[in-house]
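Visitor: Turn this into a model:
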Amino acid sequence: MPSFSRRFSLCLLLAGALAAVSGLAQNQNPAAQNQNPGTPPQAGPPSSAQQGSSSSRVPNLNPTEAPASIPQAPVQLQKSANPGAPALIDPAGPTVSLETSEAMFDIGVALNACGYDKGLDESEPVRKVVRGEVNQATQASAAAQDDRDKLCLFIDQHRLEDPARNLAQYVSLALYLTPPPQLTPSVEEQDMPPDANAVELILPLLRRFADAIHLHLIWVENHAAYEEATSRLHGPLTSMIVSTNYYIKTAASTYSGRRFLVVLEPLLSPEETNARVYGLDYVVVASPKNGQISMDLVRHAYLHYEIEPLLYARENTVDERMLPILKAVQDAPLDVEFKNDIEALVIECMIRAIEARTMDTGVAEVKVPPNLPHSEVGQYEHARGVAMQKEEVIRQQAVNHSMAQGYVLTQYFYTQLKNFEKNPESLNEAIGPMVYGMDISIETHRARETTFDARGEGHVMSPSPQRPPQAKDLDVAELKLMKGDVAGAAELAQKALESHSGDAGQANFILARVDLMKGKIDDAQAAFKDTLTASKDPRMLAWSHIYLGRILDVEEQRDEALVEYKAALTVRDGQPDTKEAAEAGLKQPFALPHREQAPGGDDKDDGGPPPTAPATAPSTTTPNQPHPQ
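Guide: Next comes the predicted model:
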């Protein structure tokens, strides 16, 4: 049985598993940290990601250039408890990418063939071209016309009153389809988004129609227009990522297990941008207008992608102290999520404050010409001061609008961000003290004194139907574990195993990490081995082998540890951090952190928590750090 210090050190191994597999906390990549901050971004050409799709990688960039003008972008993300990743998500691909999808194209063709005309005149020319070719192919065959009529009958019978929700269910389905001609769900039915399940039976009808009109040939003939649009938008999307990362003082990464994907589909209306969250993956489906997409909405979704893990990793920062703020916004024109979830409200307010601080105000910048006589400097300084005042008025108007909509912490964060901009610390470092240091009584009073608008502004998507509780228990368990609620995570995982209501591999992997946190090394080993038996997820399998190897190294069983590290490499989950961790284990045994003893003390296994953390931490840092920092 390992000593107390070894048990504690093994508990720290959990950090990598949490970050690498659940992806609910942000990792720090040593390679990225050591990269020369002056290295310019390297943009690569678009490359094919898979059959029926094309991708344009937005490269891994350090924030080395000044932020560009960034428009204000109010939007609400549609979230699903679904743990499965969309078909376009490539585990070995870039963190941020711009893609097209033949499956999405086929769904778009079906909708357009059955009366979906919204935004037609504002769409890219390729939309009308495709509609014309589809109509011509349909008219040439009586069988094709019959297949189209059956397809349109299904769409009509499943039409929802809310046009946004009606489109959303088909977009959601398209994201989870294999490429034509199969056009089948890429995950099990229970892992599909709930709204996609509602229209899944359209697929046999769509396959017959696509075959009847030779739809793949129409895709091939028009694919060049899609590639051109993707290439045209790659630069603006990259610029947005750079400027956003510059402001929040972070570097883009390719190792966190989370993906931000923009899918381009010109057959949809430019007015209907879909921002969606599927577990760890953030997806925006957009259609260009005049060659551009709504980059403000894309940026808003990207801010959610960057900021949500920072706050969710700090459970103690947002606590019961803030609940009175929710009571103060019950009469605001907010979506119900923001009236009942203080974390969601805090995140949205912070994002809106960032947008107000970085928005393009339209006020021309006043620059002092070089070599200007000293006597004339005064008038330029005065003009610059006037311009800055105008900018501040416009920014404050944006803040006031958000406050009136019910996002009552926007003013607080707007003020805090002014100080944040002057300091070198990143948002990751500043967010804990920023939120925890809030004077709740002042902000509650401010919220009560706010006059709310009668109507809320439109969102990109409405909240999606939620799965039954049993289908998302393991997702909740992962979130609880990330937040440090070990008992809650274990209860849900054990319940899933006993009731056979969830993924046994994921449940065992959660329990293995719980056991590590509790210092139950033997139980952790058993649970990791159960994970290897029950799971088919490459990442979960690889990291189970890695952590079994590290445990064996600590137990001085080097030969057995080498077997585990080699097994991790054979899984080939495609992630660089997995390969790096396994190869490091093969190169040398995993070393325990150094822990200094108190004078006269000993290293007894007393079962209690350590008085302090070890002086040297393992290679990864725990995401559950106490706050405020």
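Visitor: Tell me how many other residues crowd the closest residue to residue 535 other than its chain neighbours.
Guide: In space, and not counting its chain neighbours, residue 535 is closest to residue 505: 2.5 Å by CB to CB, 6 or more residues apart in numbering. Where you see a C-beta, it was placed from the backbone N, CA and C, and this is true even at glycine. Neighbourhood size, residue 505 [other CB atoms under 10 Å]: 20.
Visitor: Can you verify my assumption that residue 505 contacts residue 538?
Guide: No: look at residue 505 against residue 538 with CB atoms under 8 Å: they stay out of range, at 11.2 Å.
Visitor: domain assignment for the chain?
Guide: Under the assignment automatic domain parsing, the domains of the chain span 4-28+469-587, 47-286, 314-449.
Visitor: Report the secondary structure element holding residue 261.
Guide: Element membership for residue 261, per DSSP states H and E: strand 259-264.
Visitor: For that strand, name the packing helices and strands.
Guide: When contacts are defined as 3 or more CB pairs under 8 Å, 6 or more residues apart in numbering; DSSP states H and E, strand 259-264 sits against strand 96-101, helix 215-248, strand 281-286, helix 295-312.
Visitor: can you give me how far the longest one is from the chain middle?
Guide: Average the C-alpha atoms of helix 215-248, do the same for its chain, and the two points are 19 Å apart (CA atoms, centre = their mean, to the nearest Å).
Visitor: residues of it that come out buried?
Guide: Within helix 215-248, the residues scored as buried using 16 or more other CB atoms under 10 Å are 215-216, 218-219, 222-223, 225-226, 229-230, 233-234, 236-248.
Visitor: just checking, next helix/strand downstream of the one helix or strand residue 491 maps to?
Guide: In this structure, residue 491 sits in helix 486-499 according to DSSP H and E. Sequence order places helix 504-518 as the next helix or strand after helix 486-499, per DSSP H and E.
Visitor: Between helix 486-499 and that next one, find me the angle.
Guide: On the basis of axes from the mean of the first three to the mean of the last three CA atoms, to 10 degrees, helix 504-518 is oriented at 150 degrees to helix 486-499.
Visitor: what helices or strands is helix 504-518 leaning on?
Guide: helix 4-12, helix 14-17, helix 469-483, helix 486-499, helix 521-534, helix 538-554.
Visitor: still on that earlier bit, please tabulate the helices and strands packed on strand 259-264 in CSV and include mean pLDDT and distance to residue 486 as additional columns.
Guide: Shown next, in CSV, are those (pLDDT from 0 to 100; distance: least, CB to CB, whole Å):
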stretch, mean pLDDT, distance to residue 486
strand 96-101, 94, 33
helix 215-248, 96, 30
strand 281-286, 93, 26
helix 295-312, 91, 16
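Visitor: Nearest to residue 124, out of the ones you listed?
Guide: Residue 124 sits nearest to helix 215-248 of all these, at 6.6 Å, using CB to CB.
Visitor: burial count for residue 323?
Guide: 12.
Visitor: ugh, wrong one, residue 194
Guide: Using other CB under 10 Å, residue 194 has 17 neighbouring residues.
Visitor: The one 10 residues further on now?
Guide: Other residues near residue 204 come to 13 when the count uses other CB under 10 Å.
Visitor: which residues of the stretch 501-629 of the chain score low on pLDDT?
Guide: Scanning the stretch 501-629 of the chain with the threshold set as pLDDT under 70 gives 572-575, 592-629.
Visitor: go again using 50 as the cut-off
Guide: 595-629 (pLDDT under 50).
Visitor: could you dump the domains of the chain to JSON lines with distance to residue 298?
Guide: Below are the domains of the chain laid out as JSON lines (distance: least, CB to CB, whole Å):
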{"stretch": "domain 4-28+469-587", "distance to residue 298": "20"}
{"stretch": "domain 47-286", "distance to residue 298": "5"}
{"stretch": "domain 314-449", "distance to residue 298": "12"}
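Visitor: So which of those domains is nearest residue 306?
Guide: domain 47-286 (6.2 Å).
Visitor: can you give me the offset of that closest one from its chain's centre?
Guide: The chain centre lies 17 Å from the centre of domain 47-286; the measure is CA atoms, centre = their mean.
Visitor: change the start of the numbering to 44 and stick with it
Guide: Taking 44 as the first residue, the last one we looked at is domain 90-329.
Visitor: and residue 630, how many neighbours?
Guide: For residue 630, using other CB under 10 Å, the count is 8.
Visitor: about what we covered before: could you pull out the buried residues of the strand holding residue 304?
Guide: Quick answer for strand 302-307 (16+ other CB under 10 Å): 302-307.
Visitor: same deal with stretch 601-621?
Guide: 604-605, 607-608, 610-612, 614, 616, 618, 620-621.
Visitor: likewise stretch 460-471?
Guide: Across stretch 460-471, burial judged by 16+ other CB under 10 Å covers 460, 463, 469-471.
Visitor: and which of the residues you listed is nearest residue 227?
Guide: Once CB to CB is applied, the member of the buried residues of stretch 460-471 that ends up nearest residue 227 is residue 471, at 40.3 Å.
Visitor: Next, the angle helix 258-291 makes with the helix or strand hosting residue 174.
Guide: Assessed by DSSP H and E, residue 174 sits inside helix 168-182. Going by the same axes, to 10 degrees, helix 168-182 is angled at 160 degrees with respect to helix 258-291.
Visitor: what about helix 168-182, average pLDDT?
Guide: Averaged across helix 168-182, pLDDT comes to 97.
Visitor: Worst mean pLDDT among the domains of the chain?
Guide: Mean pLDDT per stretch puts domain 47-71+512-630 lowest among the domains of the chain, at a mean of 78.
Visitor: Could you give the separation of that domain from the chain centroid?
Guide: Offset of domain 47-71+512-630 from its chain centre (CA atoms, centre = their mean): 22 Å.
Visitor: how close does residue 475 get to residue 399?
Guide: According to CB to CB, to the nearest Å, residue 475 stands 22 Å off from residue 399.
Visitor: ok, the nearest residue to residue 264 once chain neighbours are set aside - how many residues close by?
Guide: Nearest non-adjacent residue to residue 264, counting by CB to CB, 6+ apart: residue 176, 7.4 Å away. If you count neighbours by other CB under 10 Å, residue 176 ends up with 18.
Visitor: Residue 304 contacts residue 140, correct?
Guide: Yes: between residue 304 and residue 140 a contact is recorded at 5.7 Å, counting by CB under 8 Å.
Visitor: ok, residue 218 - contacts?
Guide: If you count contacts by CB atoms under 8 Å, 6 or more residues apart in numbering, residue 218 has them with 129-131, 144, 147, 236, 239, 306, 319, 321, 326, 328.
Visitor: Show the backbone phi and psi for the closest residue in space to residue 309 that isn't next to it in sequence.
Guide: Spatial nearest neighbour of residue 309, chain neighbours left out: residue 167 (4.3 Å); criterion: CB to CB, 6+ apart. Main-chain dihedrals, residue 167, degrees, to the nearest 10: phi -60, psi 150.
Visitor: neighbours of residue 167, just the number please.
Guide: When neighbours are counted by other CB under 10 Å, residue 167 registers 20.
Visitor: next one: residue 232
Guide: Using other CB under 10 Å, residue 232 is surrounded by 9 other residues.
Visitor: which residues touch it?
Guide: Each residue near residue 232 by CB under 8 Å, 6+ apart is listed here: 240, 243.
Visitor: hmm, 10 Å instead?
Guide: Going by CB atoms under 10 Å, 6 or more residues apart in numbering, residue 232 touches 239-240, 243.
Visitor: just residue 220 next, same as before
Guide: Contacts of residue 220 (CB under 10 Å, 6+ apart): 95, 129-131, 144-147, 149-150, 226-229, 239, 243, 246, 249.
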